[in-house]
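J.: Fold the following, please.
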Amino acid sequence: MTLFSTQPYKGTRDFFPELKKRHNWMFDKMRSVLGQFAYREYDGPMLEPFDLYAAKTGEEIVSQQLYWMMDRGDRKMAIRPEMTPTFARMVASRLQEEPKPIRWFSVPNLWRYERPQRGRLREHWQLNVDVVGGDTVLADAELLLLAVELFRSFGGEKFLQIKVNSRKLMDLLFKSRMGLDETTALKLSKVIDAKDKLKPEVYAEKLTELGVSDDQISTMEKFFSSDMATIQKDFAGEAAVEELSSLFATLKELGVPEGCVVFDPSIMRGLDYYTGVVFEAFDVSPDNNRALFGGGRYDNLLGLFSKNSISGAGFGLGDVTLMQFLETHGLLEELPNDYDIGFACLGREAWLVCQKKSAELRQRGHRIYMPLDYETSMKSQLKTLAKLDISKVIIVGENEMASGDWTFKNMQSSEQKTIKADQIAEVIS
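T.: Below you'll find the model as predicted:
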């Protein structure tokens, strides 16, 4: 008989209990912060119509990274590569009755067929945070403030820098200053978004393929080297600049640390549905100098499902990059043991007595380990408990059954003492 491999599918992970425990800790910590900001959790289906992503997600994802299939009803379905289209569909389905602003978050399992590498797998979990409605500047400011607070909850805000730009501002550059049509402008934004992943000669070749002239490139490069003060001067009176100025002023008033959120005109975000402020966060440490998460404002995405369009904004933070960030900066907390106490017992009568005591302790909320074999030697049982890192152990053998006095053993210090059965709860605490 041919044996199957024990390795998971390429680009995915097996979550053994210790890793799943860490994974849950990470997302539960963020859930706590999101609850403080009054965001509510939702979820959606893993499968969506292929056309939902083809309409707005972006050519690279749809043509190269999307997992898809034909179902038995001959419908072309996609395994979700991101959550925002599903969020938009769900919000549109109850847009009229839902109080505004709508503050929702989710932790979906996402799939993209790409080359596995550090910080990037084919399957990952991602925190998605979105707000629909409200003043756009205030909503954008809240999302950025929330992102900082999420990292502050781990003690990592000092290693975080969020770079902010505006797609409206880029439209002014591409169309008004460079004279590009909408199609070329969109393609150029995607090339710029991928610039750090391309060799200089490949980047230059792609600009040539788009028909971007040397003068246009010069205009673009000058723009990318501009600070906020220069942009405010060069694009004075433009709505996009006014929005950015108001956003940074609001963040300052909210006490967001200076240098934590900065203007960077080269930030693009390659997804087609972004229409306003966009942002990308980075780890400033040279040991992990990489992008951590990104997001932005989408004004037209809900219009795919409803004539009553409303503006929204959001961001997504993946578990792989966050875990690497926490590991890099030594921010992983020591988690409590999975067990409060373990039993080691010999003989069926002892096992039954211990089970009854375990049931009583579980009713009080304690986590109890019980063996499933009462004939295994005491030495072997204690060895198992040691592997599980259970430090508090109750031993009930023939002597304990005869005397009514049970043995408590501290596995870390090897100290033992005799206790009564009704003292166990006190020993655990």
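J.: just how off-centre is the strand or helix carrying E360 within its chain?
T.: Counting by DSSP states H and E, the element that carries E360 is helix 348-363. Put simply, helix 348-363 sits 41 Å off its chain's centre (CA atoms, centre = their mean, to the nearest Å).
J.: How about stretch 412-429?
T.: 42 Å.
J.: where does this protein have low pLDDT?
T.: When residues are selected by pLDDT under 70, those of the chain lie in 56-58, 270-271.
J.: Could you identify the longest helix within it?
T.: helix 17-36 (DSSP state H).
J.: Which neighbouring elements make contact with that helix?
T.: Other helices and strands packing on helix 17-36, by 3 or more CB pairs under 8 Å, 6 or more residues apart in numbering; DSSP states H and E, are strand 123-132, helix 136-153, helix 319-328. Bear in mind the C-beta positions are built from the backbone N, C-alpha and C, glycine included.
J.: Could you save these as JSON lines and add columns showing mean neighbour count and distance to L3?
T.: Formatted as JSON lines, the entries for these read as follows, by neighbours: other CB atoms under 10 Å; distance: least, CB to CB, whole Å:
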{"stretch": "strand 123-132", "mean neighbour count": "22", "distance to L3": "24"}
{"stretch": "helix 136-153", "mean neighbour count": "21", "distance to L3": "44"}
{"stretch": "helix 319-328", "mean neighbour count": "18", "distance to L3": "30"}
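J.: could you dump those to JSON lines with distance to D422?
T.: Written out in JSON lines, the entries for these read as follows (distance: least, CB to CB, whole Å):
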{"stretch": "strand 123-132", "distance to D422": "44"}
{"stretch": "helix 136-153", "distance to D422": "41"}
{"stretch": "helix 319-328", "distance to D422": "43"}
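J.: domain ranges for the chain?
T.: For the chain, whose domains are defined here by automatic domain parsing, the residue ranges read 17-328, 341-428.
J.: Next, the distance between the ends of the shortest one.
T.: Using CA to CA, to the nearest Å, the gap from the first to the last residue of domain 341-428 comes to 7 Å.
J.: one step back: angle of the longest helix of the chain against helix 319-328?
T.: Computed with axes from the mean of the first three to the mean of the last three CA atoms, to 10 degrees, the direction of helix 17-36 lies at 100 degrees from that of helix 319-328.
J.: in the stretch 251-400 of the chain, which spans are strands?
T.: For the stretch 251-400 of the chain, the strands defined by DSSP state E, counting those that start in this stretch cover 261-263, 277-283, 291-298, 312-318, 341-345, 368-369, 392-396.
J.: now the fourth one: how far from the chain's centre is it?
T.: Between the mean C-alpha point of strand 312-318 and the mean C-alpha point of its chain there is a distance of 9 Å (CA atoms, centre = their mean).
J.: picking that back up, pick the most buried one from the domains of the chain.
T.: domain 17-328 (a mean of 17; mean count of other CB atoms under 10 Å).
J.: what about it, how long is it end to end?
T.: Taking CA to CA as the measure, domain 17-328 stretches 22 Å from start to finish.
J.: Next one: the residue nearest to G318 when sequence neighbours are not counted from G303, what distance?
T.: Leaving out its chain neighbours, the residue that sits closest to G318 by CB to CB, 6 or more residues apart in numbering is Q126, at 4.7 Å. Using CB to CB, to the nearest Å, one obtains 24 Å as the distance from Q126 to G303.
J.: next one: L160
T.: Distance check for L160 against G303: by CB to CB, it reads 33 Å.
J.: can you check K21 too?
T.: 42 Å.
J.: for L145, same thing?
T.: As for L145, its distance to G303 is 28 Å (criterion: CB to CB).
J.: What of G155?
T.: Counting by CB to CB, the gap from G155 to G303 is 41 Å.
J.: do G156 as well
T.: As defined by CB to CB, G156 lies at a distance of 37 Å from G303.
J.: With S391 instead?
T.: As judged by CB to CB, S391 and G303 stand 59 Å apart.
J.: same deal with V427?
T.: Distance of V427 to G303, computed by CB to CB: 63 Å.
J.: these two touch, right, R40 and W104?
T.: Yes. Using CB atoms under 8 Å, R40 is in contact with W104, at 5.6 Å.
J.: from memory A240 sits against L169, does it?
T.: Yes. The pair A240 / L169 is scored as a contact, 4.1 Å apart, by CB under 8 Å.
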